[in-house]
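Peer 1: prediction below, plus the sequence it came from.
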Amino acid sequence: MSLVARHLEENGIPTVIIGAARDIVEHCGVPRFVFTDFPLGSPCGEPFDVAMQQRIVGVALDLLETADAPRTTVQMPLVWTKGEAWKDTVFTVEQPFLSGEQIKNWEARKQRYRDQKA
């Protein structure tokens, strides 16, 4: 979504990204970003918590109007009500992002892309 946002912005359509993977989204250089420190897949808030979801979307719409600098990030001061135990299961030794073989394949694909681009 971050790259789509950049493309839309380059073509005159303003965007705001609401997301949870701050390092990835900011690295892509989106113009406006609302960061929620929630599990991946739940950037707009907890399921069925309409008030929380409305608050997050409201902040995003306000940011669309008020951002005065490129690459503006707003961090929502919200916490996941079931606690932060979900963070213990993200990219741990027991549950890595990719297995050893998958990492090798991913790195090989990246290198092929770099070679083609060059």
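Peer 2: Ah, there it is.

Peer 1: distance of Gln53 from Val74?
Peer 2: For Gln53, the distance to Val74 equals 16 Å [Cβ to Cβ, to the nearest Å]. Every residue, glycine included, has its C-beta placed from N, CA and C.

Peer 1: for the protein, which residues score under the pLDDT cut-off?
Peer 2: Flagging of the chain using pLDDT under 70 yields the residue ranges 90-98.

Peer 1: what does the domain assignment say about it?
Peer 2: 2-82, 84-118 (automatic domain parsing).

Peer 1: what's the most buried one of these?
Peer 2: Among the domains of the chain, domain 2-82 has the highest mean neighbour count (mean count of other Cβ atoms under 10 Å), at a mean of 15.

Peer 1: what's the span of that domain, first residue to last?
Peer 2: Taking Cα to Cα, to the nearest Å, domain 2-82 runs 28 Å from one end to the other.

Peer 1: quick one: contacts of stretch 53-66?
Peer 2: Stretch 53-66 is contacted from outside by 14-16, 18, 32, 34, 36, 43-45, 72, 74, 76, 78, using Cβ atoms under 8 Å, 6 or more residues apart in numbering.

Peer 1: all helices of this structure, in order?
Peer 2: In the chain, the segments counted as helices under DSSP state H are 2-10, 22-28, 50-66, 100-117.

Peer 1: export stretch 6-18 to PDB, keeping only CA atoms.
Peer 2: Only the C-alpha atoms of stretch 6-18 are listed here, as PDB (Å, rounded to 0.1, in the frame of the first residue of the first chain):
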ATOM      1  CA  ARG A   6       3.400   7.200  -3.300                       C
ATOM      2  CA  HIS A   7       2.200   6.600  -6.900                       C
ATOM      3  CA  LEU A   8      -1.100   8.300  -6.200                       C
ATOM      4  CA  GLU A   9       0.600  11.300  -4.600                       C
ATOM      5  CA  GLU A  10       2.900  11.700  -7.600                       C
ATOM      6  CA  ASN A  11      -0.300  11.900  -9.700                       C
ATOM      7  CA  GLY A  12      -2.000  14.500  -7.500                       C
ATOM      8  CA  ILE A  13      -4.200  12.300  -5.300                       C
ATOM      9  CA  PRO A  14      -3.400  12.900  -1.500                       C
ATOM     10  CA  THR A  15      -3.200   9.900   0.700                       C
ATOM     11  CA  VAL A  16      -2.900   8.800   4.300                       C
ATOM     12  CA  ILE A  17      -1.700   5.400   5.300                       C
ATOM     13  CA  ILE A  18      -3.000   3.800   8.500                       C
END
